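Student: The sequence isn't on hand, but the structure is:
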């Protein structure tokens, strides 16, 4: 139980570190650093999404950038059409653009959910290396699709001139925007926690460890994993939508394989299958990028070393090193 | 129509030139313990896999209560009341015994798509799981330990509890005594004996003491063929079986 308490304590520290950092930066009048903390929260959210598939379902998706990018485009396209005064689609029903964050999030969730249903339905017929390669292939397909649509900027991407609004809040304020990102991050962690502990979560963990056993008790692993894959994609898509609002720019590179790799790194650095771990992973990533990236363009060399060290010496990621092995169920 | 719970009709399965299952037909009545014996390589595990649904036969059919389940996969057959244990323990390693059994309980209750309520605090899962574990003689103090920290004998018990929790009509037990020591073996035999009449059991076993203590009927499998089938007395007396298998 001591370890259990250690994990709760570490989780609490991680959860409080983000708002503490954002508030400190805000109090010092450093709005750049407030945005930087928002960036950590958003990337962590993308990692929380992947963690549901990877950490609890054992699905090593190398294509979550597709969902991150789809979320970004969904939000970006709604904002773009609102600016333009044109409908997003006009058939079978007309949907007008909207410069509203909740609308963008909803669009991200719907689009990514449908994409994940299609991608997962095919990819989950394979496993292991083939699953990794197929998810990668789908993400690259979407990447090239985005490059080839001139309406939305093609390879140049789509610039969003104004951050979309949120009812009752001034979303253009950096601290308010951070609060929104942080609230969604905590909500996603809460949802993951509930799902992981539910009957569905038990079946999902069972599927990741021993599909043969799960089938033998009469539970088909495939639909369980597919549903988890879709939820995972939806969470990552919301992160993409927030990212678009943060940087005011959407480009196909958000869907490129490098982004998929980065989301994987957040999860693996922090600790696979640990609720709060993606925050640690994303924070380390951004810290290295900011601190060492300011000195040299080769900062990813250091990232590689850190990743190597964590994988070799702390099998459960940073979280595992701090609190030991994940609790069994 | 027969009153058999499980009927195998003319099953054939070949792997390359090897005929692993050769025209096997047998019936298991709803209240009997039917034991399959045979030397190593006789095709017992292949046969079990075809009954469970993990392997599709090349020809022939598998009937469960007169329903043709030949084309159904493992999960669908399990939901129809066919529970199996594995020759080599196949549990979910980082789950406790209770969690392993709970998975079978929730499958039986048809509720694996509940995404919100906590499973570990759900008495509708815990109580039946706990009951199944105590029926196989699992010490209550050992139920919350991850199964990879349990002894081999305990893991065999958990395997059986998982099968029991499905409230099966037919249990398919692939060498439940494998690797068990003397006392564990006696305990397992006693547990299986108590299940007689509750559900049908198709058992593959090498331990002859257990076989003759449990069996209502025995089928002898040699080179994929059933060479004899009958009561323990008939099998013991059969010259053919003596020559092929029992030795001397």
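Tutor: Nice, I can see it. Treat the numbers as computed from the prediction; the structure is a model and nothing was measured.
Student: Look at residue B:129 and give its secondary structure.
Tutor: With DSSP: H, G, I helix; E, B strand; the rest coil as the basis, residue B:129 sits in helix.
Student: surely it meets residue B:96?
Tutor: No. Counting by CB atoms under 8 Å, residue B:129 does not reach residue B:96; the two are 9.9 Å apart. Quick note: C-beta positions are derived from backbone N, CA and C, even for glycine.
Student: how deep is the closest residue to chain A within chain B tucked in, by neighbour count?
Tutor: In chain B, the residue found nearest to chain A is residue B:78; the distance is 3.3 Å by CB to the nearest CB. For residue B:78, the number of neighbouring residues by other CB atoms under 10 Å in any protein chain shown comes to 28.
Student: Tell me which helix or strand it sits in.
Tutor: Residue B:78 is part of helix B:74-79 when elements are defined by DSSP states H and E.
Student: need the next SSE after that helix, C-terminal direction.
Tutor: The first helix or strand that comes after helix B:74-79 along the chain, using DSSP H and E, is strand B:82-85.
Student: what helices or strands is that following strand leaning on?
Tutor: In terms of contacts (3 or more CB pairs under 8 Å, 6 or more residues apart in numbering or on different chains; DSSP states H and E), strand B:82-85 is packed against helix B:44-52, helix B:152-165, strand B:170-174.
Student: Using a markdown table, lay out the ones you listed together with mean neighbour count, distance to residue B:237 and mean pLDDT.
Tutor: Putting these into a markdown table (neighbours: other CB atoms under 10 Å in any protein chain shown; distance: least, CB to CB, whole Å; pLDDT from 0 to 100) gives the following:
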| stretch | mean neighbour count | distance to residue B:237 | mean pLDDT |
| --- | --- | --- | --- |
| helix B:44-52 | 23 | 22 | 94 |
| helix B:152-165 | 24 | 31 | 94 |
| strand B:170-174 | 24 | 26 | 94 |
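Student: Please tell me I have it right and residue B:136 contacts residue B:191.
Tutor: Yes. The pair formed by residue B:136 and residue B:191 meets the contact definition of CB under 8 Å, at 5.4 Å.
Student: overlap in contacts of the two?
Tutor: B:157, B:160 (CB atoms under 8 Å, 6 or more residues apart in numbering or on different chains).
Student: More neighbours: which of these two?
Tutor: For residue B:136 against residue B:191, the residue with the higher neighbour count under other CB under 10 Å is residue B:136, and the figures read 24 against 17.
Student: how about the helix holding residue B:78: buried residues?
Tutor: B:74-75, B:77-79 (16 or more other CB atoms under 10 Å in any protein chain shown).
Student: What of stretch A:180-191?
Tutor: Within stretch A:180-191, the residues that qualify as buried by neighbour count (16+ other CB under 10 Å) are A:180-182, A:184-186, A:188-189, A:191.
Student: Counting only strands, which of those residues make the cut?
Tutor: Secondary structure defined by DSSP state E assigns none of the buried residues of stretch A:180-191 to strands.
Student: JSON lines please, covering those residues and showing pLDDT and distance to residue B:15.
Tutor: Supplementary listing: the buried residues of stretch A:180-191 in JSON lines, determined by pLDDT from 0 to 100; distance: CB to CB, whole Å:
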{"residue": "A:180", "pLDDT": "97", "distance to residue B:15": "60"}
{"residue": "A:181", "pLDDT": "98", "distance to residue B:15": "57"}
{"residue": "A:182", "pLDDT": "98", "distance to residue B:15": "58"}
{"residue": "A:184", "pLDDT": "98", "distance to residue B:15": "54"}
{"residue": "A:185", "pLDDT": "98", "distance to residue B:15": "53"}
{"residue": "A:186", "pLDDT": "98", "distance to residue B:15": "54"}
{"residue": "A:188", "pLDDT": "98", "distance to residue B:15": "48"}
{"residue": "A:189", "pLDDT": "98", "distance to residue B:15": "49"}
{"residue": "A:191", "pLDDT": "98", "distance to residue B:15": "47"}
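Student: That concludes my questions; thank you for your assistance.
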